[in-house]
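*Asks:* Pasting the sequence and the predicted model now:
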Amino acid sequence: MSPSIRRISSTVSFHTSNQSVASPNCRGVDDALRRTDTCNVVIVGDTGAGKSSLVNLITGTQAAPTSCDTMGCTIETTVYEHDIMTQGKILRVQLFDTAGLDEGSQGTIPNAQAQKALKNLFQTLMKKKAIHILMYCVQGTKDVRALQRNYKLLPSKVKEKVPIVLVVTGLENREPEMDEWWRDNEKFISDLGMTFAGHACITAVTINEGDTDELRQRREQSYRAVCNLIEHCRPQNGTGVHRVTAIHPARREHKNIVLFGASGVGKSSVVNLMAGMKVAATSASMDRCTLRWQEYTIRFGGESYKVFDTVGLEEPQLGIKEYLDSVENAYALVKELDRQGGINLLLFCIRAGRMTATLQSNYRLFHEFLCEKKVPIVLAITNLEREQRMEDWWDQEHKNFQKYEIHVAGHACITAADGLPAGAQTVRYEESRLKIRELVKQFTADGQQQAWIGGDNMFVSFMRKLKELLRGSSQVKSKDLVPHLTKRCGISKEVAKQLAEMIKQDPS
């Protein structure tokens with residue numbers, strides 16, 4: 001007999017960080033398994049592991065009931081259908097949210113009953129070849145050895161034929177980053193005889209009004225990690241899973257903007273200005289010269305944008321430690337941008353004032369070396385709230401940009417200082433919002449050049465040019481670079497040696 005399955009079809013929508021209440025339609029098991037155009041993901045794990053919260057994270061809804069205690073809230077297997085955006089296309093998934101295991105005899109679903117239901121579900125899905133990914137959901141705060149108990153329950157046929165992925169939840173407070181959990185436990189997991197086709201270290205907590213920007217960013221990061229995990233591990237066309245044709249096949253969900261400039265110029269304030277709300281902390285909390293970034297999703301004018309707020313150069317020279325840190329962070333940034341479809345726009349943020357060599361270095365580093373002059377670059381000039389007419393600054397200073405060989409496709413003279421006294425300055429702030437949004441919209445509009453994707457060549461060019469800014473460039477040796485590229489960036493040793501040698505070579 002087929003296990004009891006309810007199928008909920010959520011409203012087709014792209015993910016946002018905001019949660020919404022869904023009005024699901026319930027259907028029977030036969031209807032759920034009749035679909036041939038979906039990627040079926042079965043989610044299993046202990047009671048309280050966060051399986052239902054994981055469903056809500058993926059669907060961007062509160063469709064799956066959740067509980068904050070150890071008593072389970074999923075009493076039967078429920079299937080949620082949703083479309084996710086991966087690599088610029090839509091993938092339709094069915095998420096099988098199963099009853100929690102290890103609840104004990106007095107729980108909502110006794111453990112023996114939950115295990116039997118799961119066994120029946122596996123038999124039904126395997127018979128119909130309708131299970132494509134098994135997602136093992138665990139709490140990151142639990143002892144790693146507890147993972148092995150339920151892992152052993154998985155049938156051998158499932159282990160042989162279905163990719164099993166690990167999703168670790170409850171890591172919202174993990175420092176310095178959520179994936180540190182995997183680095184700390186990977187060897188132990190292997191020693192216990194558990195193998196996984198992939199993993200994602202996440203938080204699936206519901207975002208409330210008073211939650212911090214960092215928590216919001218971690219949840220957004222978690223959503224991307226889970227979607228990428230599904231994309232990476234799902235069977236490809238011809239193996240039972242078919243991609244659904246995207247409504248706009250050539251469009252990505254987001255347009256990617258790299259925002260750069262020295263600290264103190266108001267980059268975070270510019271993000272908030274564009275977003276129309278505070279999404280970025282405005283205090284300078286990131287170290288200089290390490291090219292770390294913060295990522296924000298903002299929406300206006302019917303479009304969605306990913307803004308990568310990066311750290312530019314503070315000085316025209318780097319020390320050896322800063323350079324090696326930059327190797328790690330630049331590689332991560334380049335790979336993240338490539339994975340998300342490339343760069344649509346460079347937004348260079350400067351503070352109104354005198355021109356400096358550092359300003360020119362930042363321009364060359366990002367426009368010439370990162371993007372090889374293949375991405376449009378525009379200027380946002382801040383700190384003009386006291387000007388009678390903000391555009392006057394550009395009229396007076398634009399010739400100096402030619403002197404420093406800084407060429408931009410467009411500009412916006414703005415104030416990004418919020419909370420100013422009511423009056424003319426408040427009017428200028430709203431005027432600035434319109435200006436910066438129009439600038440972004442103009443140079444990322446459909447019909448503009450495609451997003452620039454550079455891969456390893458982009459990274460090599462970027463780091464080679466950055467090396468020129470290093471005091472005593474001879475200090476940068478392959479033996480310094482290779483460990484960073486392998487241990488910190490996750491590159492194979494052979495490829496790391498090749499990249500290190502290419503970075504070391506003088507530019508041709």
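*Replies:* Noted; the coordinates are in hand.

*Asks:* which residues does the nearest residue to residue 410 once chain neighbours are set aside contact?
*Replies:* Leaving aside its sequence neighbours, residue 410 sits nearest to residue 378 (Cβ to Cβ, 6 or more residues apart in numbering; 4.4 Å). Quick note: C-beta positions are derived from backbone N, CA and C, even for glycine. Each residue near residue 378 by Cβ atoms under 8 Å, 6 or more residues apart in numbering is listed here: 345-348, 408-412, 439-440, 443.

*Asks:* just residue 279 next, same as before
*Replies:* Going by Cβ under 8 Å, 6+ apart, the list of residues near residue 279 reads 213, 216, 271-272, 296, 298.

*Asks:* Show me how to select, in PyMOL, the buried members of the residues you listed.
*Replies:* The following PyMOL line selects those of those that are buried, judged by 16 or more other Cβ atoms under 10 Å:
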select buried, resi 216+271+272+296+298
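
*Asks:* Find the helix or strand that the residue nearest to residue 410 is a member of.
*Replies:* strand 377-382 (DSSP states H and E).

*Asks:* Which parts of the chain are strands?
*Replies:* Ranges of strands in the chain, per DSSP state E, are 5-9, 26-27, 39-45, 77-86, 89-97, 133-139, 164-169, 198-201, 255-260, 293-300, 303-310, 345-351, 377-382, 410-413.

*Asks:* Could you check the angle the third one makes with strand 77-86?
*Replies:* Which is strand 39-45. 120 degrees (axes from the mean of the first three to the mean of the last three Cα atoms, to 10 degrees).

*Asks:* Just put the contacts of residue 378 in JSON lines and tack on distance to residue 31 and pLDDT.
*Replies:* Supplementary listing: the contacts of residue 378 in JSON lines, determined by distance: Cβ to Cβ, whole Å; pLDDT from 0 to 100:
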{"residue": "345", "distance to residue 31": "45", "pLDDT": "92"}
{"residue": "346", "distance to residue 31": "49", "pLDDT": "92"}
{"residue": "347", "distance to residue 31": "48", "pLDDT": "95"}
{"residue": "348", "distance to residue 31": "53", "pLDDT": "94"}
{"residue": "408", "distance to residue 31": "56", "pLDDT": "93"}
{"residue": "409", "distance to residue 31": "52", "pLDDT": "92"}
{"residue": "410", "distance to residue 31": "52", "pLDDT": "94"}
{"residue": "411", "distance to residue 31": "56", "pLDDT": "96"}
{"residue": "412", "distance to residue 31": "53", "pLDDT": "96"}
{"residue": "439", "distance to residue 31": "49", "pLDDT": "95"}
{"residue": "440", "distance to residue 31": "44", "pLDDT": "95"}
{"residue": "443", "distance to residue 31": "47", "pLDDT": "91"}
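
*Asks:* Got a quick ChimeraX command for the buried subset of these?
*Replies:* In ChimeraX syntax, the buried subset of those is picked out as below (16+ other Cβ under 10 Å):
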select :345,346,347,348,411,412,439,440,443
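
*Asks:* From the contacts of residue 378, pick the one nearest residue 281.
*Replies:* residue 347 (18.3 Å; Cβ to Cβ).

*Asks:* May I have the beta-bridge partners of residue 377?
*Replies:* residue 346 (DSSP bridges).

*Asks:* so how many other residues sit close to it?
*Replies:* Using other Cβ atoms under 10 Å, residue 377 has 22 neighbouring residues.

*Asks:* thought it was touching residue 408?
*Replies:* Yes - using Cβ atoms under 8 Å, residue 377 is in contact with residue 408, at 5.3 Å.

*Asks:* Please, where are all the helices along the stretch 201-350 of the chain?
*Replies:* Assigned by DSSP state H, counting those that start in this stretch, the stretch 201-350 of the chain shows helices spanning 213-233, 267-275, 320-339.

*Asks:* Give me the helices and strands touching the second one, please.
*Replies:* Contacts defined by 3 or more Cβ pairs under 8 Å, 6 or more residues apart in numbering; DSSP states H and E place helix 267-275 against strand 255-260, strand 293-300, strand 303-310, strand 345-351, strand 377-382, helix 424-444.

*Asks:* Adding distance to residue 114, write those out as CSV.
*Replies:* Shown next, in CSV, are the helices and strands packed on helix 267-275 (distance: least, Cβ to Cβ, whole Å):
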stretch, distance to residue 114
strand 255-260, 43
strand 293-300, 37
strand 303-310, 39
strand 345-351, 50
strand 377-382, 55
helix 424-444, 49
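
*Asks:* mind checking which of these is nearest residue 207?
*Replies:* Comparing the helices and strands packed on helix 267-275 by Cβ to Cβ, strand 293-300 comes nearest, at 12.6 Å.

*Asks:* which residues are contacting the closest one?
*Replies:* Taking Cβ under 8 Å, 6+ apart as the rule, strand 293-300 contacts 16-17, 217, 220-221, 254, 268, 271, 274-276, 279-280, 286, 304-311, 329, 333, 336, 437.

*Asks:* and the residues you listed, which are buried?
*Replies:* Judged by 16+ other Cβ under 10 Å, buried ones among these: 217, 220-221, 254, 268, 271, 274-275, 279-280, 304-311, 329, 333, 437.

*Asks:* so how many other residues sit close to residue 388?
*Replies:* Residue 388, neighbours per other Cβ under 10 Å, totals 7.

*Asks:* For it, give me phi and psi.
*Replies:* The phi/psi pair for residue 388 (degrees, to the nearest 10) reads phi -60, psi -40.

*Asks:* quick revisit: of the contacts of residue 279, closest to residue 61?
*Replies:* Looking across those and measuring by Cβ to Cβ, the closest to residue 61 is residue 216, at 17.1 Å.

*Asks:* I'd say that closest one and residue 208 touch.
*Replies:* No - using Cβ under 8 Å, residue 216 makes no contact with residue 208, being 10.1 Å away.

*Asks:* re the thing from before, format the contacts of residue 378 as a markdown table; extra columns: distance to residue 166.
*Replies:* Converted to a markdown table, the contacts of residue 378 look like this (distance: Cβ to Cβ, whole Å):
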| residue | distance to residue 166 |
| --- | --- |
| 345 | 36 |
| 346 | 37 |
| 347 | 37 |
| 348 | 41 |
| 408 | 46 |
| 409 | 45 |
| 410 | 46 |
| 411 | 48 |
| 412 | 45 |
| 439 | 43 |
| 440 | 38 |
| 443 | 41 |
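
*Asks:* Looking at strand pairing, list the partners for residue 91.
*Replies:* Residues in beta-bridge contact with residue 91 (DSSP bridges): residue 84.

*Asks:* That one - how many residues pack around it?
*Replies:* For residue 91, using other Cβ under 10 Å, the count is 21.
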